[in-house]
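[1] Let me see the structure of the following:
(3 chains)
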Amino acid sequence: MAINAVGREVPTYVEGLGEFRPYAGVFATPPKGRRFGPTIRRTGGKKLLPSLRAAIEASGLKDGMTISFHHHFRNGDLLVNRVVNEIAAMGIKDLTLAASSLQSIHKEIIPHIRSGVITAITTSGLRGELAEVLSREVLLKAPVMIRSHGGRVRAIESGELKIDVAFIAAPNADEYGNLNGINGPTACGSLGYAFADAQYAECVVAVTDTLVPYPAIPISIPQTQVDYVVVVDKVGDPQGIMSGVTRLTRDPMELLIAEKACRVIEASGLFREGFSFQVGAGGSSLAVARFLRERMAATGVRGRFATGGITGYIVGMLKDGLIDAILDTQCFDLVAVESLRDDPRHVEMSASFYANPHTKTCTSDILDIMMLGATEIDLDFNVNVMTGSDGIMMGASGGHPDTAAGAKLRLVTAPLIRGRFPIVVDRVHTVVTPGECIDALVTQYGVAVNPRNPELKARLKDAGIDTVSIEELQERAERLTGKPEELALGDEIVALIEYRDGTLIDTVRRVI
Amino acid sequence: MRLAQLGVTRMLYRNAQAGSLESGDVMVRVSPCEEDEVSIHIESKVSPRFSNAIRNTVRQTAQELGVRNARFEIIDHGALDFVLRARVTTALKRAMEAPTNA
Amino acid sequence: MRNRLRRSMMFVPGNNPSMIISAPVFRPDSIILDLEDAVSVNQKDAARDLVVEALRTLDFGSCETVIRINGRHTPYCEDDIRALVPARPNMLRLAMTEEPEDIVWADRMIGEVELEHDIPHGTVKLMAAIETARGVLNAERIARASERLVALSFGAEDFTNSIQSERSRDGFELFTARALIVMAARAAGIQPIDTVYSNVDDDEGFRADVQRAKQMGFAGKSCVHPRQVAIVHEVFRPSESEVRRAEAIMAAIQEAERRGSGVIAVNGRMVDGPIVSKAERVLQLAQAVGMTKGGDTSGN
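    Modelled structure (predicted):
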């Protein structure tokens, strides 16, 4: 074990996973080595296979291999469960599941974990019953590897995470494996999280419910990367994939916090012609966009681009000429999907382009303004988005540490108290994003600026925005809630939180 | 409250409840109890991390109202302390109402 | 405080813990914890206990705490007063006030409870809610009925019922009642507060309603939602020129007092009592929205 640069004890070696270095700082660990590459192969003419089983057989999947999936279908994903069920029925076992993220719908794989079909998992996030079970029991050969979106791609490109068979759910495909996400009943828009899998996996199986005559244009993932194509009746559930349009929150508290955040943005000096930003998909984080809009209309300031995580609200800003471009790694509603399809200014970007720290440039490094969430934030401004107040995993690393590392202004918006729990704690239960990456916390009871950013504090003061210390916010919360008792934890590590550069930033202990 | 100081003991005559299952609230159910004790069963939808605080508040409020025998069932949805105090107070006062003969 | 700003008086259901806790965040001038219409008959006791604990525990910041207690002729009113006064809210709002005797009675009972609990007499203020035709006609006498009384509010919903009409968007049926209440309050030197606008989604309609209320002479508006509070504060925000004029007048007054001269003129116009009090009011409003030094600068 070693103590890392955020004061957390992390292992230097883990049985089943190998050696690890402790987190040493945001940009302390540079890339090294060469890019990994899959075997050069010619699949030939006939890629279309009659069933998933046939594809799994053709892929040569054996015990001990690694399979991967993207999470663009969110809680409408039907593929992971289906493939794992099929693999189990075929008697294959001891597999590593490398999903870009896992949702509550994936609780169906729990029995297959118990029976040893899946013995290791790497993912950005875990939710629902699957997360609860993995938080309370040691079921896998090794702890779950939690990687950010950027970190996952880094690991794939470097060969640290070798994918044997990538299963890519494709809303639209042709028989030679050209894929896109913007047409078909299960359209999900950008396929950004699948690009690395398609490029680097040893064997790539595309699974679609909508086969179109060759070529499937536009081409997001090309035929040159895809080995097999399978048509199924339903690869995803549209209801679970996305809504028609994302409504802005009407909750007065969330709006109040969003408005406060917008005032901070305006005072920060970054609200200027040609600025760039990324907001969340709901709550205060998305509502900030509404207030930004108002200020843009009032002042005439225009933005250059938005990234994310794209909802119809951001598309509206593009359509109304408030911004010039959208770089899209994931679509959250059909308005975003349509815009991606029809508007050349709305561009699909891969997870690598978006967040990979070990590539020539990632967009996260260019971004001006980044809106972030938190389940907890501590007195050092370290942020937890992975575990809840009960220590159970329920969230994801996602793009959080990636965008926080590079953006110029990183604001966390959150209500000061959730349920009876203060958001501000002495020490977050799980560090996902280190405090040096966070500039300020905006709550309904006040704004706390990270002492590491005295310039921001000075600017807010000049603008007449009162700030408080994060300790004061904690006191205020605890005066209302009282201090919660400590969690009962086991000794076993059930998850490792890997920082985007491959070092370990924290661990998750089993919850008793 | 003055009752506890005067050493007055109040009797519960009926089962009663107060509060709700809404977020931020707590449902307090109380019933008379033969044993000379205040027993508290907590079902916290939120977390066990406040169970001691909840127990203390329930006990203290009962004591202030002069209640020594009661069985409490607490279903908590993240209620702050003052909310719990209020709901326990209401539930106990309701339980102290003499039963009307129908 | 008698003449504190009461531009926005926001109703909060007295039996709803989350809403009580979040109310002060929205910075209404007054928070009305409602034990009356927002609370069902079988929860009157629960709401009362909750509000008492809330008053004792929560920090309401700069918001005035007002409790809307049940009307005099309900079985709950007396219990409300006896339970709430010791918890020291700033004010009790008596629903359905029809006769000056209602206020006299309430005043006396509050005084008794203050005495029992060693609270200085007159600490807890009173506000009369005029909600019926009879109440409107008696408004002038009600407004003078007690030293404790600092405001009259108008309740349109019950009022339109009592005149056997229905509410309309332009509120024509309320015009006379509103005017009488304003006059009754102002003549007695207390504040008139306009009625609730219940369509929370109609920002335009609400803004027009507030503007009308302000024009009619109301000191403030009852609100049922935080977004209404922000709109009220915008409408009551004085213009830059009003503020400058008021500052000029106050400066002239102070100058005149220094020099010991009596009559003064500003911009060629004589400045007398009413003009000075108007200037003071403008500056009070300006200070509340951070337009002058010493005010609240956080954009409220």
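
[2] Who are the contact partners of residue A:168?
    The contact partners of residue A:168, taken as CB atoms under 8 Å, 6 or more residues apart in numbering or on different chains, are A:69-70, A:179, A:191, A:194, A:197-198, A:204-207, A:221, A:226. Every C-beta, even on glycine, is put in place using the N, C-alpha and C of the backbone.

[3] what about 10 Å?
    Shown in contact with residue A:168 (CB atoms under 10 Å, 6 or more residues apart in numbering or on different chains): A:68-70, A:72, A:79, A:177, A:179, A:181, A:191, A:193-195, A:197-198, A:201, A:204-208, A:221, A:225-226, A:229, A:235.

[4] Test of understanding: give the bridge partners of it.
    Residue A:168 forms beta bridges with residue A:206, as assigned by DSSP bridges.

[5] how many other residues sit next to the residue of the stretch 101-250 of chain C found nearest chain A?
    Residue nearest to chain A within the stretch 101-250 of chain C: residue C:226 (3.9 Å; CB to the nearest CB). Neighbour count for residue C:226, taken as other CB atoms under 10 Å in any protein chain shown: 23.

[6] Is the strand of greatest length in chain A positioned near chain B?
    If you go by DSSP state E, chain A has its longest strand at strand A:489-498. No: Strand A:489-498 is not in contact with chain B by CB under 10 Å from any CB of the partner chain; minimum separation 12.2 Å.

[7] CA atoms only: put that strand into CSV for me.
    Extracted as CSV, the C-alpha positions of strand A:489-498 are listed here (Å, rounded to 0.1, in the frame of the first residue of the first chain):
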residue,chain,number,x,y,z
LEU,A,489,-16.9,-0.9,6.4
GLY,A,490,-15.2,-4.2,5.8
ASP,A,491,-11.4,-4.5,5.0
GLU,A,492,-11.9,-5.9,1.5
ILE,A,493,-11.4,-3.5,-1.4
VAL,A,494,-14.3,-4.0,-3.8
ALA,A,495,-13.4,-1.3,-6.3
LEU,A,496,-10.3,0.6,-7.4
ILE,A,497,-10.7,4.2,-8.6
GLU,A,498,-8.2,4.7,-11.4
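
[8] How much space separates the residue in the stretch 151-300 of chain C positioned nearest to chain B from residue A:256?
    Minimum separation of the stretch 151-300 of chain C from chain B (CB to the nearest CB) falls at residue C:226, amounting to 16.3 Å. Distance of residue C:226 to residue A:256, given as CB to CB, to the nearest Å: 7 Å.

[9] Check the contact lists of those two and give me the overlap.
    Residues touching both residue C:226 and residue A:256 by CB under 10 Å, 6+ apart: C:22, C:25-27.

[10] just the buried members of those residues?
    The neighbour-count criterion (16 or more other CB atoms under 10 Å in any protein chain shown) marks C:22, C:25-27 among these as buried.

[11] farthest-separated two in those residues?
    C:22 and C:27 (11.5 Å; CB to CB).

[12] Which neighbours do those two have in common?
    Joint contacts of residue C:22 and residue C:27 (CB under 10 Å, 6+ apart) are A:256, C:226.

[13] show me the contacts for residue 92.
    Looking at chain A here, since you left the chain open. Residue A:92 sits next to A:56-57, A:61-65, A:67, A:86, A:117 when contact means CB under 10 Å, 6+ apart.

[14] please go with chain C instead
    C:35, C:66-69, C:77, C:80-81, C:84-85, C:106, C:109-110, C:124-127, C:148 are the contacts of residue C:92 under CB under 10 Å, 6+ apart.
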